[in-house]
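K.L.:
would you be able to build a 3D model of this:
(one chain, ligands or ions: 3)
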Amino acid sequence: MTDRLTLRRPDDWHLHLRDGAMLAGVLPETARHFARAIVMPNLVPPVVTGDDARAYRDRILAALPAGMDFTPLMTLYLTEATDPADVAAAHAAGLIHAVKLYPAGATTNSQSGVRDLTKVTAVLEKMAEIGLPLCIHGEVTTPEVDIFDREQVFLDTVLEPLRRRIPELKVTLEHITTSHGIDYVAGASGDIAGTITTHHLMINRNHMLVGGIRPHYYCLPVAKRSTHQQALRRAATSGNPRFFLGTDSAPHTDPTKESACGCAGVFSATNTLSCLAHVFEEEGALDKLEGFTSLFGPARYGLAPNDTLITLEKRDTPAAYPAKIVTGAGPVTLFDPGHPLHWHVIA
Ligand SMILES: NC(=O)N[C@@H](CC(=O)O)C(=O)O
Ligand SMILES: [Zn+2]
Ligand SMILES: [Zn+2]
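P.N.:
Residues are numbered from 1 along each chain as shown. Ligands and ions are numbered 1, 2, ... in the order given. From the prediction side, this is the model:
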């Protein structure tokens, strides 16, 4: 049996590329299939100013193997010291496409994030004025709140009040993991969208915890119960342009994942398209895949869709992906969906 699917070339609207040897190792994995990506700024130290973003963009382009075509779309890491004029200048120069809000302590390298949102009002007002999206890691960090409830509590206690205070702000709720997040984005008035990762479409918390703990499925926001996974699958395959792909491919070396205190992050750049074709076929929605991977994101970010194409083919033989990729920083295990993938990216 052969089935073919030709799509506009996809983009990744939430990606971690890191720096140095890790950057050099993982960048080709994304550039092979994706034309552009919103590049997360949570380096150590973070990408805070326009100058930081320019320097990081240049390092990414320098790490790109000859013959590969890839455009990094840069972001700034919002801190309580961020200067609205610097943000506006970087946006006007075409350098940055979003600003990222990490509640301090919420996730990997978020210690310089925002503790008090009232301290960044001037930046957010400037962003609303110039139409620059705020990408949000939507989890509270309150110690009393259960980790499985942190996204839902964030919606009520942080996101909704913030959007009431600055209604013109364009918001992207990143890596949605719950039906609450889906319902919020689908139902909210104003300019809001949400990204969904590959792995949250394919796993729920049982995959991570039943029969032994699987550190390579640990990420933030943590995978929730299967009813939430089902809500994510319905949203991703619905054709609603508010929902599009942000893989959140987040490489960490195996020793830092397979540890008594393992890092959060799933690395999925290499096999994401095979995974997504699998999911969309299971949902009977292959006709909705192109919107999710290639059309809704550009529309949201005010960019044209890519004019090049990518072709997938379903074959009886499963696609052969490596279990891990070797980088100069160490081995990085690839997301394992737990079953064979029959959709091959062929061109
Ligand atoms: N998603 C993750 O589990 N980890 C990300 C950070 C993030 O996106 O929250 C990382 O940088 O490793
Ligand atoms: Zn995050
Ligand atoms: Zn991320």
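
K.L.:
sketch out the low-pLDDT regions of the stretch 1-150 of the chain for me.
P.N.:
1-2 (pLDDT under 70).

K.L.:
up against ligand 2, what does it have?
P.N.:
Applying Cβ under 5 Å from the ion, we find that the stretch 1-150 of the chain lies next to ligand 2 at 107, 137. All C-beta atoms are positioned from the backbone trio N, CA, C, and that covers glycine.

K.L.:
all helices for the stretch 1-150 of the chain, in order.
P.N.:
20-31, 50-63, 84-92, 121-130, 150-154 (DSSP state H, counting those that start in this stretch).

K.L.:
let me know which of those is tucked in deepest.
P.N.:
helix 150-154 (a mean of 23; mean count of other Cβ atoms under 10 Å).

K.L.:
in the next helix-or-strand element following that helix, what counts as buried?
P.N.:
Where DSSP states H and E defines the elements, the next helix or strand beyond helix 150-154 is helix 160-165. Residues of helix 160-165 classed as buried: 162-163 (neighbour count, 16 or more other Cβ atoms under 10 Å).

K.L.:
so how far is helix 160-165 off the chain centroid?
P.N.:
For helix 160-165, the separation from the chain centroid amounts to 23 Å (computed by Cα atoms, centre = their mean, to the nearest Å).

K.L.:
what's in contact with it?
P.N.:
For helix 160-165, contacts defined as Cβ atoms under 8 Å, 6 or more residues apart in numbering pick out 117, 121, 124, 169, 171, 184, 188, 190, 192.

K.L.:
which residues does the third one contact?
P.N.:
Okay, so that is residue 124. Residue 124 makes contacts with 134, 162, 166, 169, as judged by Cβ under 8 Å, 6+ apart.

K.L.:
and the last one, that one's in a strand?
P.N.:
Going back to what we said before, that points to residue 169. No - counting by DSSP: H, G, I helix; E, B strand; the rest coil, residue 169 falls outside a strand, being coil.

K.L.:
surely it and residue 126 touch.
P.N.:
No - using Cβ atoms under 8 Å, residue 169 is not in contact with residue 126, being 10.1 Å away.

K.L.:
isn't residue 295 right up against residue 305?
P.N.:
Yes - at 5.4 Å, residue 295 counts as touching residue 305 under the criterion of Cβ under 8 Å.

K.L.:
what residues are shared contacts of the two?
P.N.:
residue 8.

K.L.:
neighbours around the closest residue to ligand 2 within the chain, how many?
P.N.:
For the chain, the residue closest to ligand 2 is residue 137, as judged by Cβ to the ion, at 3.6 Å. Residue 137: 25 surrounding residues under other Cβ atoms under 10 Å.

K.L.:
out of the contacts of helix 160-165, which end up buried?
P.N.:
By neighbour count, with 16+ other Cβ under 10 Å, the contacts of helix 160-165 hold 117, 124, 169, 171, 184, 188, 192 as buried.

K.L.:
closest to residue 326 among these?
P.N.:
Nearest to residue 326 among the buried ones among the contacts of helix 160-165: residue 171, at 37.9 Å, using Cβ to Cβ.

K.L.:
any idea how far ligand 1 is from the closest one?
P.N.:
16 Å (Cβ to the nearest ligand atom, to the nearest Å).

K.L.:
got the contact list for the host helix or strand of residue 312?
P.N.:
Using DSSP H and E, residue 312 maps to strand 309-314. Counting contacts by Cβ under 8 Å, 6+ apart, the residues outside strand 309-314 that touch it are 1-10, 33, 273-274, 277, 281, 342-347.
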